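J.: Please find the sequence and the predicted model below.
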Amino acid sequence: MAAFATAEACDSNTSLLVSGDLRALEPVFQIYGQRRAFSGPIVTVKVFEDNVLVRQLLETRGEGRVLVIDGGGSKRCALVGGNLAQSAQNMGWAGILVNGCIRDVDEINACDIGVRALGSTPLKSNKKAVGDKHVPVYIGGTFIHEGEWLYADSDGILISKMELSI
């Protein structure tokens, strides 16, 4: 991926910001993984303290997409760990955004993938396969829809209704 700067994208797309077609997420996410900057079309999943559906999606071909996980903001358990991050890297996912926690931080930081999460915890999630795939989610102060684009770098995270030119 060519270098993409979210600040420059905001500066050069003010009309998209005004219309709501380009939105910045609230600055609450920590940066993990080797890819400090990443982007791609969004796939969504909504779960709560259960990562079975997350695993199902990350074990499919990513094709440069970004998995957006609405974990309800729970910090009581991790929805992504080192094994899932490695699987995501191997399957070609560009990144993962977790509205919740991760674990195995050192393993995730060794993966060539971008990860953003609220924080980390050593506790694992439930395994009941409860949740919904491919649904609109509300994270970081904005609704996010499957098929929109996510752009992340050290300055923050943008959601766009369309692919932005780099």
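T.: Thanks, I have the structure now.
J.: drop to CA atoms for contacts and neighbour counts, all remaining ones
T.: OK.
J.: For the longest helix along the chain, which residues meet the burial criterion?
T.: Longest helix in the chain, counting residues (DSSP state H): helix 82-90. Neighbour-count burial for helix 82-90, counted by 16 or more other Cα atoms under 10 Å, picks out 82, 84, 85, 86, 87, 88, 89, 90.
J.: Turn those into a markdown table, columns for pLDDT.
T.: Shown next, in a markdown table, are the buried residues of helix 82-90 (pLDDT from 0 to 100):
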| residue | pLDDT |
| --- | --- |
| 82 | 98 |
| 84 | 98 |
| 85 | 98 |
| 86 | 98 |
| 87 | 97 |
| 88 | 98 |
| 89 | 98 |
| 90 | 98 |
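J.: Spatially central residue in this protein, please.
T.: The centre of the chain sits closest to residue 97, judged by Cα atoms, centre = their mean, with a distance of 1.7 Å.
J.: Quick one: residues in contact with the helix or strand hosting residue 99.
T.: Using DSSP states H and E, the element containing residue 99 is strand 95-102. If you take Cα atoms under 8 Å, 6 or more residues apart in numbering as the criterion, strand 95-102 is touched by 38-40, 64-81, 88, 113-121, 139.
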